[in-house]
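1. with the sequence up front, the predicted model follows.
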Amino acid sequence: MNYIIKPAVTLFTAAALVVALLSFVHSYTFEPIEKQKNKTQEAAMKVIMPRAAEFREIKVEKAGSITAVYEALYSSDALHDKILVGYIVQLAPEGYSGKIHLIVGLSITDDIITGMRVLSHTETPGLGANAVKERFYRQYQNKNISPLGVVRNSPGVNDIQAITSSTITTKAITGAVNEAIEWYFKQIQKGEEE
């Protein structure tokens, strides 16, 4: 019986030490990792909505892949009030290999998509991972706020050209942008009813 108990106690002790060490490392690194994520997101927000000086999260019903919505606010020395210039919608659609975390900027002053940025993903390197390239981002920039389609070649005014061999990734991102657009129109309609 001793030949079973001694290895079992040794294994249990080793497992308990590893779990304790992992818990310590997680608690020690969690806050710096979250700060870095927030910093990266804030920088991406400023890139896609350069007119805004501040971003404030608002409470919204999180439907579909929408995870958060931020008001993009502008202020100057001459103005004491902050002016709403648009929204940043954060989404997490399901891509080919997992969730794609992205943000979309929507300008209320120009009625355009100001841009889109992927914050994190697990897409295939060399294929779906090309969604983080500036060339792909530019396709969404300055498009009218209206539903977008995905095509393989010769995109029209409201079309996004699919990444070669990554139509699933492109459709996931474009579908998320369309969700943001749908949310935007519901907000505008709600504002007109009030």
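-> Happy to help now that I have it.

2. quick one: low-confidence ranges for the protein?
-> 1, 76-80, 189-194 (pLDDT under 70).

3. all helices for it, in order.
-> 2-48, 134-138, 167-193 (DSSP state H).

4. can you tell me which of those helices is nearest to Arg56?
-> helix 2-48 (11.0 Å; CB to CB). The C-beta positions use only the backbone N, C-alpha and C, and glycine is treated the same way.

5. helices or strands up against that closest one?
-> Applying 3 or more CB pairs under 8 Å, 6 or more residues apart in numbering; DSSP states H and E, we find helix 2-48 packed against strand 83-91, strand 101-107, strand 112-120.

6. please report how far the residue nearest to Glu179 when sequence neighbours are not counted lies from Gly156.
-> Of all residues beyond its chain neighbours, the one nearest Glu179 is Gly64 (4.8 Å), with distances taken as CB to CB, 6 or more residues apart in numbering. Applying CB to CB, to the nearest Å, the value for Gly64 to Gly156 is 25 Å.

7. so which of these two has more stuff around it?
-> The neighbour comparison of Gly64 against Gly156 (other CB atoms under 10 Å) goes to Gly64, with 15 against 8.

8. one step back: distance to Pro147 and mean neighbour count added to the helices of the chain, as TSV?
-> Below are those laid out as TSV (distance: least, CB to CB, whole Å; neighbours: other CB atoms under 10 Å):
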stretch	distance to Pro147	mean neighbour count
helix 2-48	19	11
helix 134-138	19	13
helix 167-193	5	18
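
9. in JSON lines, list the ones you listed along with distance to Val104.
-> Formatted as JSON lines, those follow (distance: least, CB to CB, whole Å):
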{"stretch": "helix 2-48", "distance to Val104": "8"}
{"stretch": "helix 134-138", "distance to Val104": "11"}
{"stretch": "helix 167-193", "distance to Val104": "4"}
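
10. quick check: which of the ones you listed is nearest to His121?
-> Ranking these by their distance to His121 (criterion: CB to CB) puts helix 167-193 first, at 8.0 Å.

11. helices or strands up against the closest one?
-> strand 66-74, strand 83-91, strand 101-107, strand 112-120, strand 149-151, strand 159-161.

12. among these, which is the most enclosed?
-> Highest mean neighbour count among the helices and strands packed on helix 167-193 (mean count of other CB atoms under 10 Å): strand 101-107, with a mean of 26.

13. which one, of the helices of the chain, ends up nearest to Leu148?
-> The nearest among these, by CB to CB, is helix 167-193 at 5.3 Å.

14. give me the angle between the closest one and strand 101-107.
-> On the basis of axes from the mean of the first three to the mean of the last three CA atoms, to 10 degrees, helix 167-193 is oriented at 40 degrees to strand 101-107.

15. what is the orientation angle of helix 167-193 with strand 83-91?
-> 140 degrees.

16. now helix 167-193, how far from the chain's geometric center?
-> Relative to its parent chain, helix 167-193 has a centroid offset of 13 Å by CA atoms, centre = their mean, to the nearest Å.

17. possible to save the helices and strands packed on helix 167-193 as a markdown table with distance to Asn2?
-> Shown next, in a markdown table, are the helices and strands packed on helix 167-193 (distance: least, CB to CB, whole Å):
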| stretch | distance to Asn2 |
| --- | --- |
| strand 66-74 | 55 |
| strand 83-91 | 58 |
| strand 101-107 | 53 |
| strand 112-120 | 51 |
| strand 149-151 | 66 |
| strand 159-161 | 68 |
